[in-house]
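Q: Next comes the sequence, and after it the predicted model I'd like to discuss.
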Amino acid sequence: MTPPAAEEEEVPVSVRLGGVVPPEDPEDWSRPLTWVAAIGMLAGPLAAVAWIVFARPGNASALLPGTLFVAGALVAGAVLTGSTQIGRSWAFAGTLGAGLFGALLTVVAGTVLGGERQAAASPALALSFAAAVGGAAGALGAAIAAFGLGDLLRRERRWLPSAAVGVVVALIVARLLVEQ
């Protein structure tokens with residue numbers, strides 16, 4: 001028989017102090033909302049990859065429809081991810097987090113697929129960056145709108161006004177960045 005002090009040493013300190021709550025089921029990929037959130041986070045980067053692969057931009061000094069499409073897809077995906085969350089704060093955090101994650105992957109896609117010897121000279125990178133910054137700004141606008149509408153509308157209905165606000169902000173910011 002082991003002494004009580006030895007038994008306590010085998011149990012982690014956090015369990016002895018009562019700080020550990022047994023985890024519920026971790027991310028369950030069989031749930032549809034998990035897939036919706038994942039697709040939402042990847043909408044902007046996938047749009048950027050498709051745009052660069054199928055219609056590579058050749059000039060970074062003009063605003064191209066692909067730039068606006070990628071910025072809009074980034075916001076729409078972020079809003080889609082945020083709409084899977086219950087509650088105002090979670091909707092805000094989910095929308096903004098998905099927008100920032102998508103913006104980062106959009107810039108990575110522009111860098112990797114740019115096709116130039118110097119990444120800094122790549123029109124694909126410049127326009128992907130403009131789309132990413134516009135999309136991130138739009139995601140912030142959409143997150144604020146989702147937070148404001150959290151008590152007024154159910155989560156199934158707040159995505160459309162949030163997306164509308166976010167897309168308008170994204171298009172304005174992307175246009176300002178490219179046409180300076």
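A: Yep, it's here.
Q: which helices and strands sit right next to the helix or strand harbouring Ala143?
A: Following DSSP states H and E, one finds Ala143 within helix 123-149. When contacts are defined as 3 or more CB pairs under 8 Å, 6 or more residues apart in numbering; DSSP states H and E, helix 123-149 packs onto helix 32-54, helix 65-82, helix 88-112, helix 159-178. (C-beta placed from N, C-alpha, C; glycine too.)
Q: for these, which one ends up most surrounded?
A: Of the helices and strands packed on helix 123-149, the one with the most neighbours on average (mean count of other CB atoms under 10 Å) is helix 65-82, at a mean of 27.
Q: roughly how far out does that helix sit from the chain middle?
A: Taking the mean of its C-alpha atoms, helix 65-82 sits 9 Å from the chain's own mean (CA atoms, centre = their mean, to the nearest Å).
Q: would you list the helices and strands packed on helix 123-149 in a markdown table and tack on distance to Pro123?
A: Shown next, in a markdown table, are the helices and strands packed on helix 123-149 (distance: least, CB to CB, whole Å):
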| stretch | distance to Pro123 |
| --- | --- |
| helix 32-54 | 10 |
| helix 65-82 | 10 |
| helix 88-112 | 9 |
| helix 159-178 | 11 |
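Q: Can you add mean pLDDT and distance to Ala126 and give these back as a markdown table?
A: Below are the helices and strands packed on helix 123-149 laid out as a markdown table (pLDDT from 0 to 100; distance: least, CB to CB, whole Å):
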| stretch | mean pLDDT | distance to Ala126 |
| --- | --- | --- |
| helix 32-54 | 87 | 12 |
| helix 65-82 | 91 | 9 |
| helix 88-112 | 90 | 8 |
| helix 159-178 | 89 | 8 |
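Q: per-residue confidence at Ala126?
A: pLDDT recorded at Ala126 is 84.
Q: and what of Leu64?
A: So Leu64 comes in at 82 (pLDDT).
Q: Any idea how many residues pack against it?
A: 19 (other CB atoms under 10 Å).
Q: Verify the contact between Leu177 and Ala132 for me.
A: No - using CB atoms under 8 Å, Leu177 is not in contact with Ala132; the gap is 9.9 Å.
Q: follow-up on the earlier one: Leu140 is nearest to which of the helices and strands packed on helix 123-149?
A: Across the helices and strands packed on helix 123-149, Leu140 has its closest neighbour in helix 88-112 (6.1 Å, CB to CB).
Q: just checking, what packs against that closest one?
A: Using 3+ CB pairs under 8 Å, 6+ apart as the test, helix 88-112 ends up in contact with helix 32-54, helix 65-82, helix 123-149, helix 159-178.
Q: change it to 6 Å
A: helix 32-54, helix 65-82, helix 123-149 (3 or more CB pairs under 6 Å, 6 or more residues apart in numbering; DSSP states H and E).
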